[in-house]
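> sequence and predicted structure are below.
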Amino acid sequence: MTLCKDYSTKVHGASPAVMVTIVAEHIGRLFISLQHIRQVPRMLTEAAPSMPATLRDCDVPAQLRDRNITSGYRQLHQNWRYYFLSLFQRHNETLNVWTHLVAFLIILVKACDLAENVDLVNDQHAWPLCVLLLSSLTYTAFSVIAHLFGSKSEFSHFVFYYMDYVGVAQYQYGSAVVHFYYAIDAGMHGYLHASYLDYVGRREVYASLHGSGESAFFVQLYAGTVMACVVTGAIVLTKVNHTLVKHKCA
């Protein structure tokens, strides 16, 4: 802002030659600033200590391997600092870490914006939204932790990915709560409250407890998830149809 004020002060009333000089000076400063910005990734890489070379899939335990990924695995049994600094390195989990981290930051910013305009504590109508925001933050945060630190050892992989499954279950339950309270007619809450939320809750607990099961389990889990989506979609459509009919009658 100060730069713009100085620029306008200098240009106003100046001769064409002086104006050209001033414009060229400011363009040069802008170009230098852009060069500095482009150097930030390289500076971060240089500031971080040299990282050990990544491994091939045959060099890590089977539990830590990802299907169709043959290289880029981080070293095992390193200190926690190594795995944290791998956030700025290229490896097999880089995209997984950054996609969840960016999502976490976006949700956090949106939650802060909403908190300034909506009373998430005292307004009961906003509580389901608060549940969704908290479950979304939990899901993305646990996923970042799992993908960033899950390669330390087989035990760490089990613990952190179990947290990841819990986060996913929390997010699914939060989404179900929001659909229930915002999409279903208030008159139907008394009929569906216990059965709907009990079913969703049991399914998410079952999913979090068996997240690392065999393929047969995932078929069952997928079928249950599809059924839950079908039920939720049917309820939402019922609400929409009820609203349209009510509007036409009015």
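Looks like it came in fine. Residues are numbered from 1 along each chain as shown.
> tell me the first helix or strand C-terminal of whatever helix or strand Y82 lives in.
Y82 belongs to helix 80-85 when assigned by DSSP states H and E. Downstream of helix 80-85, the next assigned helix or strand under DSSP H and E is helix 94-117.
> identify each buried residue in that following helix, please.
T94, N96, V97, H100, L101, A103, F104, I107, A111 (16 or more other CB atoms under 10 Å). (Glycine included, C-beta is placed from N, CA and C.)
> coming back round to it: if we look at the helix holding Y82, which residues are touching it?
A48, P49, M51, P52, R74, Q75, L148, F149, S151, K152 (CB atoms under 8 Å, 6 or more residues apart in numbering).
> now these as TSV including neighbour count and secondary structure?
Compiled in TSV, the contacts of helix 80-85 are given as follows (neighbours: other CB atoms under 10 Å; DSSP: H, G, I helix; E, B strand; the rest coil):
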residue	neighbour count	secondary structure
A48	16	coil
P49	8	coil
M51	17	coil
P52	9	coil
R74	23	coil
Q75	18	coil
L148	23	helix
F149	20	helix
S151	25	coil
K152	21	coil
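> out of the buried residues of helix 94-117, the closest to S135 would be?
I107 (10.1 Å; CB to CB).
> touching, the closest one and L133? I think so.
Yes: contact criterion CB atoms under 8 Å: I107 and L133 qualify, at 6.7 Å.
> circling back: save the buried residues of helix 94-117 as CSV, and put in pLDDT and distance to F180 too.
Formatted as CSV, these follow (pLDDT from 0 to 100; distance: CB to CB, whole Å):
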residue, pLDDT, distance to F180
T94, 94, 37
N96, 94, 30
V97, 96, 32
H100, 96, 26
L101, 96, 30
A103, 96, 24
F104, 96, 25
I107, 95, 21
A111, 93, 21
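> between those, which sits nearest D119?
For the buried residues of helix 94-117, the closest approach to D119 (CB to CB) belongs to A111, at 13.5 Å.
> residue contacts, the closest one?
L133, L137.
> if I look at it, how far off is Y83?
27 Å (CB to CB, to the nearest Å).
> check V118 too.
37 Å.
> when these two are compared, which one has more neighbours?
Y83 (20 against 13; other CB atoms under 10 Å).
> now that one: closest residue in space that isn't a chain neighbour?
Leaving aside its sequence neighbours, Y83 sits nearest to F149 (CB to CB, 6 or more residues apart in numbering; 5.0 Å).
> tell me how far that neighbour lies from A62.
Taking CB to CB, one finds F149 at 19 Å from A62.
> pick out the most distant pair among the buried residues of helix 94-117.
Longest span within those, CB to CB: T94 and A111, 25.9 Å.
> check contacts around Y139.
G167, V168, Q170, Y171.
> over to the second one. Which of the three states is it?
Following DSSP: H, G, I helix; E, B strand; the rest coil, the label given to V168 is helix.
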